[in-house]
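Novice: need a 3D model of the sequence below.
(one chain, ligands or ions: 2)
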Amino acid sequence: MQVWSLASGSAGNAFLLRADDTLVLVDCGLPLRALTERLAQLGLHPRQLSAVLVTHEHTDHLGGVPGLLKRHPVPLYATGGTLAAAAGRLPPRATCHQVVAGQPFQIGAFTVRPFAVPHDAAEPVAYHLSTARARACIVTDLGHVPERILPYLRETELLVLEFNHDAEQLARGPYHPQLKRRIASPLGHLSNHDAAHCLMAAISHNQDAVWLAHLSEVNNSQRTARAAALAAVRAAGRPSVPVQVADRRALSLHWDLDAPRQLRLF
Ligand SMILES: [Zn+2]
Ligand SMILES: [Zn+2]
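Specialist: Ligands and ions are numbered 1, 2, ... in the order given. Here you go, the predicted structure:
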């Protein structure tokens, strides 16, 4: 399994996963042109996509889907609530598959497990994807971490977790009080503190890499988020797990389970 971060943040999200000939996009918040450019950097084309999985209807996750589906007949997977909320924006002949939280399904080489997350959207989910050899979980856009989702996070070699904002920066920052309340609410986004707490609970002997995702441009910095995550992996007794930050606007991180492992001496 290989995973790439094509973009991660409120300006647009997209993760690409590949196993054998199966190519899956998780969220598509990028306009078709930007998506096409980033796939081209990997020698790929949108028409090769086996599926696009959408977590919820917010524009930074779904905004690029109508443009993609108008040009390429890629099957769309999302919950009934997300599909209903997005209905007006999707081309009439789009192939839509309804997913149900807690019910796994297959896309080519991937087993996909959607699970519900607390966020202010119609029916938001996050996705756990596995092959016979590797497992990845992408968890962004959640206001808090219910205990019930931790098993999905633990059973992974690659864990992608939202580190949205620093609570103090958000409180001091320029956002309207109403927006601040929305972001900090239990249906908003994860603070560095809450994400680090989650990471401490979710880290197991399995993880090979941790990616920090959906960082706020205004209320966070890569350095602050990374420091919080590194403290968490140290406290959890896994200081050697690589922690990387997904770039907001560019193709940034790549994880390849089949690549030679870095030798860990300590
Ligand atoms: Zn988002
Ligand atoms: Zn959202």
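Novice: all contacts plus neighbour counts: C-alpha atoms, from now on.
Specialist: Noted.
Novice: now the helices for this structure?
Specialist: With helices called from DSSP state H, the chain shows them at 32-41, 59-62, 65-71, 80-86, 150-154, 167-172, 177-184, 192-202, 222-235.
Novice: can you put these in JSON lines and add mean neighbour count?
Specialist: Converted to JSON lines, these look like this (neighbours: other C-alpha atoms under 10 Å):
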{"stretch": "helix 32-41", "mean neighbour count": "16"}
{"stretch": "helix 59-62", "mean neighbour count": "22"}
{"stretch": "helix 65-71", "mean neighbour count": "19"}
{"stretch": "helix 80-86", "mean neighbour count": "19"}
{"stretch": "helix 150-154", "mean neighbour count": "19"}
{"stretch": "helix 167-172", "mean neighbour count": "15"}
{"stretch": "helix 177-184", "mean neighbour count": "15"}
{"stretch": "helix 192-202", "mean neighbour count": "21"}
{"stretch": "helix 222-235", "mean neighbour count": "18"}
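Novice: endpoint to endpoint, stretch 166-176 covers what distance?
Specialist: 16 Å (C-alpha to C-alpha, to the nearest Å).
Novice: same question but for stretch 165-181, I mixed them up
Specialist: For stretch 165-181, the end-to-end distance is 13 Å (C-alpha to C-alpha).
Novice: burial measure for the nearest residue to Ala116 once chain neighbours are set aside, as a count.
Specialist: Nearest residue to Ala116, sequence neighbours excluded (C-alpha to C-alpha, 6 or more residues apart in numbering): Val125, at 4.3 Å. By other C-alpha atoms under 10 Å, 27 other residues sit near Val125.
Novice: list the contacts of Val125.
Specialist: 55-56, 79, 101, 114-117 (C-alpha atoms under 8 Å, 6 or more residues apart in numbering).
Novice: between those residues, which is closest to Gln169?
Specialist: Nearest to Gln169 out of the contacts of Val125 is Val117 (C-alpha to C-alpha; 24.4 Å).
Novice: my read is that that closest one contacts Glu147, right?
Specialist: No: assessed by C-alpha atoms under 8 Å, Val117 is found out of contact with Glu147, at 11.0 Å.
Novice: could the helices of the chain be laid out in JSON lines, adding mean pLDDT?
Specialist: Formatted as JSON lines, those follow (pLDDT from 0 to 100):
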{"stretch": "helix 32-41", "mean pLDDT": "97"}
{"stretch": "helix 59-62", "mean pLDDT": "98"}
{"stretch": "helix 65-71", "mean pLDDT": "97"}
{"stretch": "helix 80-86", "mean pLDDT": "97"}
{"stretch": "helix 150-154", "mean pLDDT": "97"}
{"stretch": "helix 167-172", "mean pLDDT": "96"}
{"stretch": "helix 177-184", "mean pLDDT": "96"}
{"stretch": "helix 192-202", "mean pLDDT": "98"}
{"stretch": "helix 222-235", "mean pLDDT": "97"}
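Novice: which residues pair with the nearest residue to His128 once chain neighbours are set aside across the strands?
Specialist: Counting by C-alpha to C-alpha, 6+ apart, Cys137 is the residue found nearest to His128 once chain neighbours are left out, at 4.3 Å. Going by DSSP bridges, Cys137 is paired in beta bridges with His128, Leu159.
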